[in-house]
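J.: Build the 3D model from these lines:
(one chain, ligands or ions: 1)
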Amino acid sequence: MLTKKMTHQYPALSSDQKKELSDIAHRIVEKGKGILAADESVGSMAKRFSGIGVENTEENRRLYRQLLFKGDDRMKKCIGGVIFFHETLYQQGDCGTNFVKMIKDKGIVVGIKVDKGVVPLAGTDGETTTQGLDGLAERCAQYKKDGADFAKWRSVLKISENTPSSLAIMENANVLARYASICQQNGIVPIVEPEILPDGDHDLKRCQYVTEKVLAAVYKALSDHHVYLEGTLLKPNMVTAGHACPNKYTSEEIAMATVTALRRTVPPAVTGVTFLSGGQSEEEASINLNAINNCPLLRPWALTFSYGRALQASALNVWRGQKENEDAAAEEFLKRAEVNGLAACGLYEHSSDGSGAAGQSLYVANHAY
Ligand code: 13P
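T.: This next block holds a predicted model:
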């Protein structure tokens with residue numbers, strides 16, 4: 001409701017604060033760059049490591065992250081930001097240099113996962129909200145001092161006959177907006193992530209419809225909370241059919257559905273859209289991003305990647321916890337990063353038939369992070 005005293009009389013941010021936020025967001029999504037999501041929680045790392053027979057210890061997590069972060073000059077050409085998990089923000093490489101410094105020295109922006117995971121919304125069909133608002137301002141202030149300039153918060157929605165409910169849409173939109181507001185007050189660019197899970201047998205149209213409803217609610221909430229859109233990034237799912245849908249769609253169809261949904265709901269003021277990979281194979285995630293950047297519709301935002309699984313699956317497979325595999329694993333990561341950098345410009349010319357390791361589905365039912 002508009003009241004007599006308009007909120008512009010109580011500005012949320014100074015022009016210096018706005019400039020800082022907008023500059024950070026632009027640096028992360030410079031042309032041909034995207035985000036490495038390396039913020040898997042300790043529990044998620046257990047799942048990643050169990051697949052390759054590696055024990056989930058702090059030292060193994062450090063060794064694995066080091067392999068991703070030590071990337072040579074090729075990394076800074078295609079990676080604009082790296083999302084850390086709390087533990088990683090305070091770890092060092094073998095050389096004694098903090099991981100934060102290693103990343104910043106490449107000119108890459110450091111980000112931090114600040115949500116504390118999903119919890120059930122009682123009385124719904126298994127829907128969730130995301131917790132972590134308590135003490136968030138203090139944590140953001142500390143993370144900013146410790147080198148982080150952007151943050152991530154993941155909300156989760158699921159498609160079934162009766163979901164997402166309007167309660168889940170509203171609650172998650174509001175919690176994302178509250179998080180975004182707190183981040184911006186502390187000089188941190190919020191990545192707003194309302195992930196719609198690929199679980200289910202719904203078709204492409206249904207995913208597009210739900211994505212539009214969810215994003216519309218998110219941008220209404222961000223406006224209500226006076227969030228400065230130029231100083232934000234959106235991390236959505238691509239619009240794809242459910243994992244168990246019998247119909248298969250081309251990357252051009254996925255791109256058209258995705259860009260159409262975004263155009264209907266995401267203001268052009270938003271600096272960038274950084275898609276999650278959501279269980280797509282490495283190749284699929286690259287091919288779909290490339291198609292999105294060739295979609296014949298006006299696209300006023302940077303459209304790039306913020307991939308976890310689709311940047312790391314091959315690297316993990318090659319590494320398998322063995323020192324002698326570190327360099328080869330680092331190469332696998334850089335290879336995917338470069339491919340996605342090209343896809344972010346619509347310039348990826350793929351030759352693969354999708355049958356190699358990069359073509360393997362990375363789908364996990366009801367994925368947690
Ligand atoms: P995926 O790319 O593996 O879906 O994960 C990205 C992410 O950060 C989810 O929050």
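
J.: Mean confidence (pLDDT) on stretch 80-94, please.
T.: On average, the pLDDT along stretch 80-94 is 98.

J.: chain center to that stretch, what's the gap?
T.: Relative to its chain's centre, stretch 80-94 lies at 16 Å (C-alpha atoms, centre = their mean, to the nearest Å).

J.: Stretch 326-346 too?
T.: 17 Å.

J.: what about it and the ligand, any contact?
T.: No. Figure legend: stretch 326-346 not in contact with the ligand (C-beta under 6 Å from any ligand atom); closest approach 10.7 Å. The C-beta positions use only the backbone N, C-alpha and C, and glycine is treated the same way.

J.: Spell out the secondary structure type for the residue nearest the centre of the chain.
T.: Centrality entry for the chain: nearest residue to the mean C-alpha point is residue 306, 4.2 Å, by C-alpha atoms, centre = their mean. Per DSSP: H, G, I helix; E, B strand; the rest coil, the secondary structure class of residue 306 is strand.

J.: Distance-wise, check it relative to residue 284.
T.: 16 Å (C-beta to C-beta, to the nearest Å).

J.: do the same with residue 109
T.: 27 Å.

J.: Tell me which residue in the stretch 1-150 of the chain sits closest to the ligand.
T.: residue 37 (3.4 Å; C-beta to the nearest ligand atom).

J.: isn't that residue right up against residue 311?
T.: Yes. Between residue 37 and residue 311 there is a contact under C-beta atoms under 8 Å: 7.4 Å.

J.: For the stretch 151-300 of the chain, list the residues in contact with the ligand, please.
T.: Counting by C-beta under 6 Å from any ligand atom, the residues of the stretch 151-300 of the chain that sit close to the ligand are 154, 193, 276, 277, 278.

J.: repeat that with 8 Å
T.: 152, 154, 193, 195, 235, 276, 277, 278, 279, 285 (C-beta under 8 Å from any ligand atom).

J.: related to what we said a few turns ago, give the contact list for the residue nearest to the centre of the chain.
T.: Taking C-beta atoms under 8 Å, 6 or more residues apart in numbering as the contact definition, residue 306 lies against 34, 35, 36, 37, 81, 83, 191, 233, 235, 274, 275, 276.

J.: Dump these to CSV, plus neighbour count.
T.: Shown next, in CSV, are those (neighbours: other C-beta atoms under 10 Å):
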residue, neighbour count
34, 28
35, 32
36, 29
37, 30
81, 28
83, 25
191, 31
233, 28
235, 23
274, 29
275, 26
276, 26
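
J.: can I get the residues you listed in TSV with secondary structure?
T.: Listed next are the contacts of residue 306 as TSV, based on three-state DSSP:
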residue	secondary structure
34	strand
35	strand
36	strand
37	strand
81	strand
83	strand
191	strand
233	strand
235	coil
274	strand
275	strand
276	coil
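
J.: just the residues you listed now: which is nearest residue 125?
T.: Closest approach to residue 125 among the contacts of residue 306 (C-beta to C-beta): residue 276, at 22.9 Å.

J.: looking just at contacts, which helices and strands does the helix or strand harbouring residue 171 meet?
T.: Here residue 171, judged by DSSP states H and E, is contained in helix 166-185. Judged by 3 or more C-beta pairs under 8 Å, 6 or more residues apart in numbering; DSSP states H and E, the packing partners of helix 166-185 are strand 128-130, helix 136-145, strand 150-157, strand 189-196, helix 204-224.

J.: residues contacting the residue in the stretch 151-300 of the chain that the ligand sits nearest to?
T.: For the stretch 151-300 of the chain, the residue closest to the ligand is residue 277, as judged by C-beta to the nearest ligand atom, at 3.3 Å. Residues near residue 277 by C-beta under 8 Å, 6+ apart: 285, 305, 307, 308, 309, 310, 311, 362.

J.: tell me the least confident of these?
T.: For the contacts of residue 277, the pLDDT minimum is residue 362, 87.

J.: Quick check: it touching residue 279?
T.: Yes. Using C-beta under 8 Å, residue 362 makes contact with residue 279 at a distance of 5.2 Å.

J.: Cross-check the contact I'm expecting between residue 316 and residue 52.
T.: Yes. Between residue 316 and residue 52 there is a contact under C-beta under 8 Å: 5.6 Å.

J.: out of the two, which sits in the busier spot?
T.: residue 316 (21 against 14; other C-beta atoms under 10 Å).

J.: And the pLDDT at the more buried one?
T.: 98.

J.: next one: residue 357
T.: pLDDT for residue 357: 74.

J.: Could you do residue 367 as well?
T.: 84.

J.: How about residue 71?
T.: 89.
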